[in-house]
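[1] sequence and predicted structure are below.
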Amino acid sequence: MKTNFTDYPLSSEILKSVSMLNFENPTKVQQAVIPAVLQQRDIIVQSQTGSGKTAAFGIPICELVDWEENKPQALVMVPTRELAMQVKEDLFNIGRFKRLKVSAIFGRSPFNSQRKELREKTHVVVGTPGRIIDHMTRETLDLSKVKYLVIDEADEMLNMGFIEDIETIIAGVSKDRVTLLLSATMPQRIEALAKQYMKEPVITKIEEENTAVDRISQERYEVSQRDKIQLLRDLTIIENPDSCIIFCNTQVVVDQVYDELYEFGYTCSEIHGGMEQDDRLRIMKDFKEGRFRYLVATDVAARGIDIEDISLVINYDIPQETESYVHRIGRTGRVSKEGRAITFVTEYEGKFLRAIEKEMGKEIPLKERPETKTLTDAKDAFDQKIRTRPEVKESKGDPLSKDILKLHINAGKKTKMRPVDIVGTLCSIEGMTAADIGIINVLDVSTFVEILNNKGEMVLEELQNKPIKGRLRKVTKADR
Ligand code: AMP
């Protein structure tokens, strides 16, 4: 077993990103997946999220794709839009120094801008099944060069009714490909899919030594429906978490709980499937960055989403499926950190509780409601925290962008600007080589280009007096 990323045949560009993302050693899933994919083997991975599985397929795929090829070479299917965005960002970070372009395509987001993006050079496409099919049908996504097909969170896609879509998509990809299938559980239907579409796959099941269920301290409270809000207030005062997700079973309840907390002055936000896509993405991003402490959510936010350091999960409504319980509580205690989960159970919900306990093979201890004295003692600290804004966290990819400057050039396709013209000019600047040039994006009337390795300022200055494609152009720093 390899225990260092440098033990794998990976290029310096990929190793540089991995090290800047602070991945010190490959996780178990990565130890299984990276070598298999580098050897072009199909692989089935059964593992939980939070095990480093995105990087497990992301690293070898980013290594293997050919930069020169303009059409997508890897297609990643994921169940939700949130996950699509997140996987896109992770792959983009991994491929940062190889200058890989990664696109995310998902529903309820303008088709046209995705179509435009797909017309440009794209190495990897990440998408939800429905929208992938839309693009296939309208011939705006060319899958002829796809060599790597990833089916991520297969069990979840099955639950969401995407199984036929997945088959349609698989049928649209060349048989000469590497297929990766990742799933937390292996229902029969997924096994059948694997059997039918995969070639002698390597099969790995990653047993977590310390599973989410063991790692997370869990408690429950008996409460009536009417009294839930009061209990929620009391417990948040006692727990006083830095960040907390409150799960409800329906959108209506999410709205209600959010309104209450907002009234009481909590820094909070809400997310559910009935909200506009852009709002959902923005809220997830803000929550990840730690801009507010309390997120009230339906199961939309439970699956796959990678947010570090959530200190507390509260099931305001007990989920009616065991699987959902495990995913929800798994939002806390990520990557071997410890976490806490509290579940409210009303007198009619005992059957859900028993099903969950049976499946986990573990009882969730019942707690008494906090006493008035405990509450009074905790109130000051709580009030103080609620009055201060949380500290905004650096996003994972930030360190990778530190020595990169993005420039804007006011010329584009309309004036026949091509990436080679930009590269030509940039390489004629003393001290610049092709390796210092990042992603180039030529739009209709403007072009964005990234200058790597801290050479941005120097290049910006040089370009004030250096023609590009025969003319002086207006070159400025691009707004972030
Ligand atoms: P995932 O299972 O893909 O949701 O990843 C869970 C988290 O682990 C993400 O925040 C990754 O950035 C992080 N991660 C992935 N690989 C490693 C590694 N080798 N070392 C440390 N953290 C990692």
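    Everything's here; your move. From a predicted model like this one, the values you see are computed outputs, not experimental measurements. Numbers count the residues shown, from 1 in each chain.
[2] please, which helix or strand holds the nearest residue to residue 407 once chain neighbours are set aside?
    Among residues not flanking residue 407 along the chain, residue 449 sits closest, at 5.3 Å (CB to CB, 6 or more residues apart in numbering). Bear in mind the C-beta positions are built from the backbone N, C-alpha and C, glycine included. Per DSSP states H and E, residue 449 falls inside strand 447-451.
[3] quick one: name the residues of the stretch 151-300 of the chain near the ligand.
    Within the stretch 151-300 of the chain, no position is adjacent to the ligand by CB under 6 Å from any ligand atom.
[4] hey, where'd the helices end up in the stretch 151-300 of the chain?
    Secondary structure of the stretch 151-300 of the chain (DSSP state H, counting those that start in this stretch): helices at 154-159, 163-171, 188-197, 212-215, 228-239, 251-263, 277-288.
[5] who are the packing partners of the longest one?
    Applying 3 or more CB pairs under 8 Å, 6 or more residues apart in numbering; DSSP states H and E, one finds that helix 251-263 contacts helix 228-239, strand 268-271, strand 294-297.
[6] can you tell me what sits against the last one?
    I take that to be strand 294-297. 236, 243-248, 254, 257-258, 261, 266-272, 283, 287, 301, 316 (CB atoms under 8 Å, 6 or more residues apart in numbering).
[7] okay, that strand in CSV with CA atoms only?
    Extracted in CSV, the C-alpha atoms of strand 294-297 (Å, rounded to 0.1, in the frame of the first residue of the first chain):
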residue,chain,number,x,y,z
TYR,A,294,-27.6,28.2,12.0
LEU,A,295,-28.9,26.6,8.8
VAL,A,296,-32.4,25.2,8.8
ALA,A,297,-32.7,22.6,6.0
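[8] could I get the helices and strands packed on helix 251-263 in a markdown table, plus columns for mean pLDDT and mean neighbour count?
    Formatted as a markdown table, the helices and strands packed on helix 251-263 follow (pLDDT from 0 to 100; neighbours: other CB atoms under 10 Å):
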| stretch | mean pLDDT | mean neighbour count |
| --- | --- | --- |
| helix 228-239 | 97 | 19 |
| strand 268-271 | 94 | 23 |
| strand 294-297 | 95 | 26 |
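[9] so for residue 4, which of these sits nearest?
    Nearest to residue 4 among the helices and strands packed on helix 251-263 is strand 294-297; the distance by CB to CB comes to 36.6 Å.
[10] now for the next helix-or-strand element following the closest one, which elements pack on it?
    Reading on from strand 294-297 to the C-terminus, the next helix or strand found by DSSP H and E is strand 312-315. The elements that strand 312-315 packs onto, with contact taken as 3+ CB pairs under 8 Å, 6+ apart, are helix 228-239, strand 244-247, helix 322-329, strand 339-345.
[11] mean confidence (pLDDT) on the shortest one, please.
    Going back to what we said before, that points to strand 244-247. The average pLDDT within strand 244-247 is 96.
[12] can you check the third one too?
    Helix 322-329 shows a mean pLDDT of 86.
[13] can you list the residues that contact that helix?
    Counting by CB under 8 Å, 6+ apart, 185, 212-213, 216, 218, 245, 247, 299, 302-303, 313, 315, 318-319, 339, 341, 343, 355-356, 359-360 sit against helix 322-329.
[14] not counting sequence-adjacent ones, nearest residue to residue 215?
    That would be residue 333: by CB to CB, 6+ apart, it lies 4.7 Å from residue 215.
[15] what's the end-to-end length of stretch 23-30?
    Distance between the two ends of stretch 23-30: 11 Å, counting by CA to CA, to the nearest Å.
[16] what residue is smack in the middle of the protein?
    residue 86 (2.3 Å; CA atoms, centre = their mean).
[17] which strand or helix spans that one?
    Element membership of residue 86 [criterion: DSSP H and E] is helix 81-94.
[18] so what touches the helix or strand just after that helix?
    Going down the chain from helix 81-94, the next helix or strand is strand 102-105, by DSSP H and E. With CB under 8 Å, 6+ apart as the test, strand 102-105 has contacts from 72, 84-85, 87-88, 91-92, 95, 114, 117-118, 122-128, 131-132, 135, 141.
[19] with stretch 408-421 instead?
    By CB under 8 Å, 6+ apart, the residues outside stretch 408-421 that reach it are 422, 440, 442-449, 463, 468-469, 471, 473-479.
[20] again, but for stretch 450-468
    Against stretch 450-468 from outside (CB under 8 Å, 6+ apart): 97, 99, 403-407, 409, 411, 417, 421-422, 425-426, 428-429, 431-432, 435-440, 472-473, 475-477.
[21] again, only using 6 Å
    For stretch 450-468, contacts defined as CB atoms under 6 Å, 6 or more residues apart in numbering pick out 403, 404, 405, 406, 425, 429, 436, 438, 439, 475.
[22] which among these gets closest to residue 29?
    Within the contacts of stretch 450-468, proximity to residue 29 (CB to CB) peaks at residue 439, which comes in at 28.2 Å.
[23] coming back round to it: and the residue nearest to residue 215, how far from the ligand?
    Using CB to the nearest ligand atom, to the nearest Å, one gets 12 Å for the distance from residue 333 to the ligand.
[24] ok, back up a step: need the helices and strands packed on strand 312-315 in CSV with distance to residue 10, can you?
    Output for the helices and strands packed on strand 312-315, formatted as CSV (distance: least, CB to CB, whole Å):
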stretch, distance to residue 10
helix 228-239, 43
strand 244-247, 35
helix 322-329, 32
strand 339-345, 32
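[25] hmm, back to that, and the gap between the residue nearest to residue 407 and residue 124?
    The gap separating residue 449 from residue 124 is 20 Å, by CB to CB, to the nearest Å.
[26] next: residue 217.
    As judged by CB to CB, residue 217 and residue 124 stand 38 Å apart.
[27] quick one, which of the two is more surrounded?
    Under the neighbour definition other CB atoms under 10 Å, residue 217 and residue 124 were set side by side, and residue 124 has more, 27 against 14.
[28] tell me which residues touch the more buried one, please.
    Counting by CB under 6 Å, 6+ apart, residue 124 has contacts 74, 91, 102.
[29] could those residues go into a markdown table alongside neighbour count, pLDDT and distance to the ligand?
    Shown next, in a markdown table, are these (neighbours: other CB atoms under 10 Å; pLDDT from 0 to 100; distance: CB to the nearest ligand atom, whole Å):
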| residue | neighbour count | pLDDT | distance to the ligand |
| --- | --- | --- | --- |
| 74 | 27 | 98 | 16 |
| 91 | 27 | 97 | 11 |
| 102 | 23 | 97 | 15 |
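[30] in a markdown table, list those along with distance to residue 33.
    Output for those, formatted as a markdown table (distance: CB to CB, whole Å):
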| residue | distance to residue 33 |
| --- | --- |
| 74 | 14 |
| 91 | 14 |
| 102 | 18 |
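[31] now the longest helix along the chain against helix 228-239, angle please.
    For the chain, the helix with the greatest residue count under DSSP state H is helix 372-387. In terms of direction (axes from the mean of the first three to the mean of the last three CA atoms, to 10 degrees), helix 372-387 departs from helix 228-239 by 80 degrees.
[32] packing partners for helix 372-387?
    Packed against helix 372-387 by the contact rule (3 or more CB pairs under 6 Å, 6 or more residues apart in numbering; DSSP states H and E) you find helix 228-239.
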